[in-house]
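Need the 3D shape of this:
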Amino acid sequence: MISANSEVKLDFNNTEVAFRNKSDKDLEKAYWLFKMVANNALIKVGTPITTFALNIGLPIQGIIRNTIYKQFCGGESIEGCAPAIAELGQGGVTTILDYSVEGEESEKSFDDTCAEILRTVAYAKANSHISFCVFKPTGLGRFDLFAKLDAKQKLTEEERAEFDKVYERIDRICRACYEAKIKVLVDAEHSWIQDTIDDFAREMMEKYNKEEAIVYNTYQLYRSDKLASLKADFAYAQTQNFFLGAKIVRGAYMEIERERAAEKGYASPIQVDKQASDADYNAAIYFCLDHINRIGLMAGTHNEESSRLLAEEMLNRGISPKNDHVYFAQLLGMSDNLSFNLSAAGFQVAKYMPYGPVKAVMPYLFRRAQENTSVGGQTGRELNLLMKEKARRKRTR
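Next up, the predicted model:
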């Protein structure tokens, strides 16, 4: 346990703070949802069945909306997220509005996604409870086009025109965020398109981060090369005189990455074990704090040890918990014990809030459920905390 000041202590086991905004009914729903998510076999079987049911029009959207969707998503529209944004704000936690529609690959869908993200920027400018916007690059351009660029293959004239449109969409979003003074996160994706995404992000940072960190690239530290990338990008930022925006995460595509590497016969980019990922993640924390005057750091993590390390290091170095260069971030519906206890101790915390029509965000929700079953101890930790709070409430009545 550490003190952020003389009055507040940081305790990740404090369930009273973690679930202060949850009713007994909300707790019970979350408990049974995580019990279901903990069943790996059920998730594997349930995912294709649910997809099939949605595709043939079976009336199950109401069930989904009131269970997994309500736990992990803010609403079906920006305006529909308002109650969830306000609820987080009451706990001192800001929102990252994340338009989570996936799998569309037409020029119209890319234009529509760009327009929707620009709407989140305008909404964020008028709402002090929203601290970041975010976009996924493959929501703005074809995955295969990114892959071709990464492979250094020559583009056709038609593909070059397509690339120019992708660039224009990304630039419009980053420029809008710069003008609104809203920070924007560029999501990381698969390793075989990430170099192109990194190039986009670096160029946008050089263009819009001259005065402060507005554009943030994402560094997946479960990759063995990403700590070096972070350091190289900072060195480049110094030579070009701009602020580096760095969102550090462990990563979300481990199994896919390893399978593809084995199939294609190249060395896996993934760390050899969890300990190596943890070591690089924590080294990234130290590196960013060493240069915090020129780096905007977002620590996206559900790991208690890394969260505690960052909080302790900030206090040890005399860095204010309210320093605008440091944010903690977790996903909506998960790790409330981190989010709300960090906020109560004075630190800046944001929650990723996915939104969009129920059917359209199902790929995101399925991925969340599958990640929960594969991350060792995460679901069990959520269940234990929920049970602890239920028992605490029963004792205190």
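
What residues sit buried inside stretch 146-162?
Under the neighbour-count criterion of 16 or more other Cβ atoms under 10 Å, stretch 146-162 has Phe146, Lys148, Leu149, Asp150, Glu159, Glu162 buried. Glycine gets a C-beta too; all of them are placed from N, C-alpha and C.

Let me know the helix or strand that Leu297 is in.
Assigned by DSSP states H and E, Leu297 belongs to strand 295-300.

That strand pairs with which strands?
In the sheet, strand 295-300 lines up against strand 244-249 (parallel), strand 326-331 (parallel) (DSSP bridges).

Who are the packing partners of the helix or strand harbouring Asp26?
Element membership of Asp26 [criterion: DSSP H and E] is helix 24-37. Helix 24-37 sits against helix 40-55, helix 68-72, helix 362-374, helix 378-395, with contacts defined as 3 or more Cβ pairs under 8 Å, 6 or more residues apart in numbering; DSSP states H and E.

okay, the shortest one in CSV with CA atoms only?
Going back to what we said before, that points to helix 68-72. Written as CSV, here are the backbone C-alpha positions of helix 68-72 (Å, rounded to 0.1, in the frame of the first residue of the first chain):
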residue,chain,number,x,y,z
ILE,A,68,-22.0,-8.8,-22.2
TYR,A,69,-22.7,-5.6,-24.1
LYS,A,70,-23.7,-3.7,-21.0
GLN,A,71,-20.6,-4.8,-19.2
PHE,A,72,-18.1,-3.9,-21.8
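
Give me the buried positions along the one helix or strand Ala115 maps to.
Ala115 is part of helix 107-125, with elements assigned from DSSP H and E. By 16+ other Cβ under 10 Å, the buried positions in helix 107-125 come out as Phe110, Thr113, Cys114, Glu116, Ile117, Leu118, Arg119, Thr120, Val121, Tyr123, Ala124, Lys125.

Off-centre distance for that helix?
Chain-centre distance of helix 107-125: 18 Å, with Cα atoms, centre = their mean, to the nearest Å.

Other residues contacting that helix?
Contact with helix 107-125 is made by 78, 97, 99, 101, 104, 130-133, 135, 139-141, 162, 165-166, 169, 172-173, 176-177, 180-182, 184, as judged by Cβ atoms under 8 Å, 6 or more residues apart in numbering.

With stretch 272-281 instead?
Applying Cβ under 8 Å, 6+ apart, the set of residues contacting stretch 272-281 is 221-222, 224, 226-227, 248, 250-251, 271, 301, 303, 305-306, 376.

May I ask which two of those residues are separated the most?
Longest distance between any two of the contacts of stretch 272-281 is 21.9 Å, between Leu227 and Gly376; criterion Cβ to Cβ.

The closest residue to Glu87 other than its chain neighbours: what secondary structure?
Nearest residue to Glu87, sequence neighbours excluded (Cβ to Cβ, 6 or more residues apart in numbering): Asn21, at 5.3 Å. State at Asn21, reduced to three classes by DSSP: H, G, I helix; E, B strand; the rest coil: coil.

which residues touch Asn21?
So Asn21 contacts Glu87, Gln90, Gly91 (Cβ under 8 Å, 6+ apart).

Could you pick out the buried ones from the residues you listed?
For those, buried by 16+ other Cβ under 10 Å: Gly91.
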